[in-house]
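In: Output the structure for:
(one chain, ligands or ions: 1)
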Amino acid sequence: MSNPQKSVVNALSFDIEDWFHMVEIEAVANVSKWDTWESLVERYTQWIIETVTEAGVHATFFVLGWIAERYPQLVRSIVENGHEVASHSYWHRKVYELDANSFSEDLRRSIDVIEDAGGQRVRGFRAPSFSITPGSEWAMDVLLDAGLEYDASLFPAARAHGGYPCDPAPHVSAIAPSGRPIHELPMTMMKLGPITVPFSGGGYMRLLPGWILRRGFQQLNAMGRPAVVYLHPRDFATDCPRVPMPLKRRFKCYVGAGSTKGKLRMLLDRFSFDTCATVLELDAPDTLPAQ
Ligand SMILES: [Zn+2]
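Out: Got it, this is the predicted structure:
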């Protein structure tokens, strides 16, 4: 008997950055120190690639340019295993704190290093902390000018570093000031009693029990809509270095990491997944000519 839950294809994505790229933590804000810290990105990204590939699923890896430059073989391995690479910016700066010129410079630098490393054309972008907010719609024009086809940065609910009121389903967005259309894959929410909450990534996935995650997927898929999973290598890391930060933030950053591997496997087992580009029904990616 076919499983009706499997008929909707959900988007599986990973934001490839290190533990010290968490935003607004003073101890890790000094970029000149980044190279001096022990990295966990390689180890956990390899685990992600192996797990997802073994499950026969393709995913989108939004790679930080700073990471692609230091670990080009990691980007190569993502592409060689049939996955999609996209941009998560170069420096992990929040978009609404930049202007169009500085964002464009950062974005193009990230695209260059990711394409050089992987040999696959970059087509999508996710802003650090979903930081395309009302007032920074100009970012969509910067993405289009850089040749990108889709954005996955809008978070259709209020949150600490982002939030943008929009259609919560995948759609063609017309918020760019130029009026040009761009494909949008917003972050997904579920109804939990009277409230609407995010559930499908980061701290939400670490903290919420498996049965709530399943209910979220079932809710969306029953409406014919995909859920969008976003996880970071550090979401799986029980050995993540502990940096000084306020208790509330510490809770949000670390709690539940030991459960994430099992939850990802459970979801891979029960639901269908593919890349963001495929869920948005874009054509197959181009391979860049060898240099
Ligand atoms: Zn990030």
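In: just the strands in the chain please.
Out: Ranges of strands within the chain are 9-16, 60-63, 84-87, 124-125, 150-151, 171-173, 182-184, 189-192, 195-198, 228-231, 272-274, based on DSSP state E.
In: wait, which of those strands is closest to Gly216?
Out: The closest of the strands of the chain to Gly216 is strand 189-192. By CB to CB, the value is 3.6 Å. For glycine as for every other residue, the C-beta is placed from the backbone atoms N, C-alpha and C.
In: low pLDDT regions in the stretch 151-291 of the chain?
Out: Low-confidence segments of the stretch 151-291 of the chain (pLDDT under 70): 158-162, 242-254, 284-286, 289-291.
In: isn't Phe62 right up against Ala86?
Out: Yes - counting by CB atoms under 8 Å, Phe62 touches Ala86, with 4.9 Å between them.
In: rewinding a little: relative to the ion, which of the strands of the chain is closest?
Out: Taking CB to the ion, strand 9-16 is the member of the strands of the chain nearest to the ion, at 4.4 Å.
In: what sits against whichever residue of the stretch 101-250 of the chain sits closest to the ion?
Out: Here the residue of the stretch 101-250 of the chain nearest the ion is Pro128; by CB to the ion that distance is 4.5 Å. The neighbours of Pro128, taking CB atoms under 8 Å, 6 or more residues apart in numbering as the test, are 21, 23, 88-89, 92-95.
In: same thing with Ala157?
Out: Ala157 is in contact with 163, 189, 196-198, counting by CB under 8 Å, 6+ apart.
In: same check, this time on Leu12
Out: By CB under 8 Å, 6+ apart, the contact set of Leu12 is 52, 57-60, 229, 273-275.
In: Point out where the stretch 1-150 of the chain drops to low pLDDT.
Out: Within the stretch 1-150 of the chain, the stretches with pLDDT under 70 are 1-6, 23-28.
In: follow-up on the earlier one: distance to His183 and neighbour count added to the contacts of Ala157, as TSV?
Out: Converted to TSV, the contacts of Ala157 look like this (distance: CB to CB, whole Å; neighbours: other CB atoms under 10 Å):
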residue	distance to His183	neighbour count
Gly163	20	18
Met189	19	21
Thr196	23	13
Val197	25	14
Pro198	21	22
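In: how about the residues of the stretch 101-250 of the chain near the ion?
Out: Pro128 (CB under 5 Å from the ion).
In: quick one: the helices in the stretch 101-250 of the chain?
Out: Counting by DSSP state H, counting those that start in this stretch, the stretch 101-250 of the chain has helices at residues 138-145, 202-207, 210-222, 247-254.
In: okay, the angle between the third one and strand 9-16?
Out: Read that as helix 210-222. Angle of helix 210-222 versus strand 9-16, following axes from the mean of the first three to the mean of the last three CA atoms, to 10 degrees, is 130 degrees.
In: contacting residues around helix 210-222?
Out: With CB under 8 Å, 6+ apart as the test, helix 210-222 has contacts from 5, 7-8, 10, 188, 190-192, 199-200, 205, 226-227, 262-263, 266-267, 270-271.
In: With the shortest one instead?
Out: Outside helix 202-207, the residues within contact range by CB under 8 Å, 6+ apart are 197-199, 213, 229-232, 235, 252-253, 255-257, 259-260, 263.
In: Thanks a lot, see you next time.
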